[in-house]
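Trainee: predicted model follows, preceded by the sequence.
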Amino acid sequence: MRAMFGTIAPRYDFITRAFSYGMDRGWKRVALKRAQLPGKPLVLDLASGTGDFSLLVAAQYRDARPIAVDLTEGMLRLARERGVERAACGDACHLPFPDGAFDCVFIGYGLRNFPSLAAAVREVERVTRPGGVMVSLDFFLPANRVLRRLFLSYLYIQGFFWGYVLHGRPRVYTYIPDSLRSFVSIDEFSRLLGDSGYDRVNARGFLLGGIGLHWAAKAGPNRGATADGSVSVTGRVTAETQTFQPVA
Ligand SMILES: C[S@@+](CC[C@H](N)C(=O)[O-])C[C@H]1O[C@@H](n2cnc3c(N)ncnc32)[C@H](O)[C@@H]1O
């Protein structure tokens, strides 16, 4: 996984825009709106890649503290070059953060890559504060069988073409339809969230159900529940250890 994403990292931003015909940015803006972040939000951008969600959050909320976490150092290097201030290497299934640390966890096209979806969802729920939210944008299989076939073929041909043009290796990007074939549907993922400690689960499809946006609130008190509107846990990622240090 790390080696594959290390290979595609330098071309990743281009490929994301090309595959989505530029719609990816709009979907991520909708995702940010759905998150309805409180004041001074502490945000985890999980499977951050080059840090799109971190940058969007920082641009929209000047007092926000987004932290980008990804398995691939090459992606994080690019994220830092793009201006992401806090970035750490980490695995979605073993996050180096205390319980209830974050107001919101964004996951952009990360779910299909995690070794265990259920374990990653449990970990995300653990590090989200009660009343906080999880927002995920990802590929899913369209419910309609014909559309599903067309969508997989489209992704395969696009992947094959760009893999050949950009890397001379046609199979570099065909991991997208490959990982999708055995993945859950939009509704199944909604159910998994509902069974994993989230009590308000919502989903919206784009591209005829080929892309799904989920937003879900962790069971607990209302959002922004702290008396002064601040988050309950703050912290920083140290440059040396890249581990999260809670501070009072
Ligand atoms: C398709 S990219 C998504 C990048 C970005 N979030 C976006 O919205 O464009 C998927 C990212 O997931 C990361 N990844 C894969 N497995 C992971 C894991 N177990 N834990 C954390 N990140 C992981 C990869 O390194 C890669 O950067």
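Mentor: That came through, no problem. Numbering: from 1, shown residues only.
Trainee: burial count for the closest residue to G108 other than its chain neighbours?
Mentor: In space, and not counting its chain neighbours, G108 is closest to L137: 5.2 Å by C-beta to C-beta, 6 or more residues apart in numbering. Bear in mind the C-beta positions are built from the backbone N, C-alpha and C, glycine included. Close neighbours of L137, defined as other C-beta atoms under 10 Å, add up to 25.
Trainee: if I look at L137, what pLDDT would I see?
Mentor: You'll see L137 listed with a pLDDT of 98.
Trainee: could you pull out the strands for the protein?
Mentor: For the chain, applying DSSP state E gives strands covering 42-46, 65-70, 87-89, 102-108, 128-139, 198-206, 211-218, 234-237, 244-247.
Trainee: of all those strands, which lies closest to the ligand?
Mentor: Each of those was scored for nearness to the ligand using C-beta to the nearest ligand atom, and the closest is strand 102-108 (2.3 Å).
Trainee: need the pLDDT of the residue nearest to L166 when sequence neighbours are not counted.
Mentor: Of all residues not flanking L166 in the chain, R11 sits nearest, at 5.1 Å (C-beta to C-beta, 6+ apart). For R11, the model assigns a pLDDT of 91.
Trainee: do the same with the one 10 residues further on
Mentor: According to the per-residue confidence, Y21 scores 88 in pLDDT.
Trainee: and it, how far is that from the ligand?
Mentor: 15 Å (C-beta to the nearest ligand atom, to the nearest Å).
Trainee: could you do Y109 as well?
Mentor: Y109 is 4 Å from the ligand, by C-beta to the nearest ligand atom.
Trainee: how deep is that residue tucked in, by neighbour count?
Mentor: For Y109, using other C-beta under 10 Å, the count is 19.
Trainee: might one say that it is in contact with Y175?
Mentor: No: at 11.2 Å, Y109 and Y175 do not qualify as touching, with contact defined as C-beta atoms under 8 Å.
Trainee: hang on, isn't the residue nearest to G108 packed against W27?
Mentor: Yes: between L137 and W27 there is a contact under C-beta under 8 Å: 5.6 Å.
Trainee: where do the contact lists of these two overlap?
Mentor: I211, L213 (C-beta atoms under 8 Å, 6 or more residues apart in numbering).
Trainee: in contact with the spatially closest residue to I176 that is not a sequence neighbour, which residues?
Mentor: Counting by C-beta to C-beta, 6+ apart, I176 lies nearest to L155, which is 5.1 Å off, once chain neighbours are set aside. For L155, the contact set (C-beta under 8 Å, 6+ apart) comprises F19, F139, T174, I176, P177, L180.
Trainee: what's the neighbour count on D199?
Mentor: 12.
Trainee: show me what from the chain comes close to the ligand.
Mentor: Listed as neighbours of the ligand in the chain under the rule C-beta under 6 Å from any ligand atom: 1, 5, 16, 47-49, 52, 70-72, 75, 91-93, 108-110, 113-114.
Trainee: quick one: contacts for L111?
Mentor: Contacts of L111 (C-beta under 8 Å, 6+ apart): L117, A120, S136, D138, F183, F189.
Trainee: the same query, at a cut-off of 6 Å, please.
Mentor: L117, D138 (C-beta atoms under 6 Å, 6 or more residues apart in numbering).
Trainee: Provide the partner residues of L46 in its beta bridges.
Mentor: V69, I107 (DSSP bridges).
Trainee: which pLDDT value belongs to it?
Mentor: pLDDT, L46: 98.
Trainee: repeat for I67
Mentor: So, for I67, pLDDT stands at 98.
Trainee: now do the end-to-end distance for stretch 43-57.
Mentor: 8 Å (C-alpha to C-alpha, to the nearest Å).
Trainee: tell me which residue is most central in the protein.
Mentor: I107 (1.4 Å; C-alpha atoms, centre = their mean).
Trainee: what's the distance between that residue and E73?
Mentor: I107 sits at a distance of 19 Å from E73 (criterion: C-beta to C-beta, to the nearest Å).
Trainee: fine by me, we can end here.
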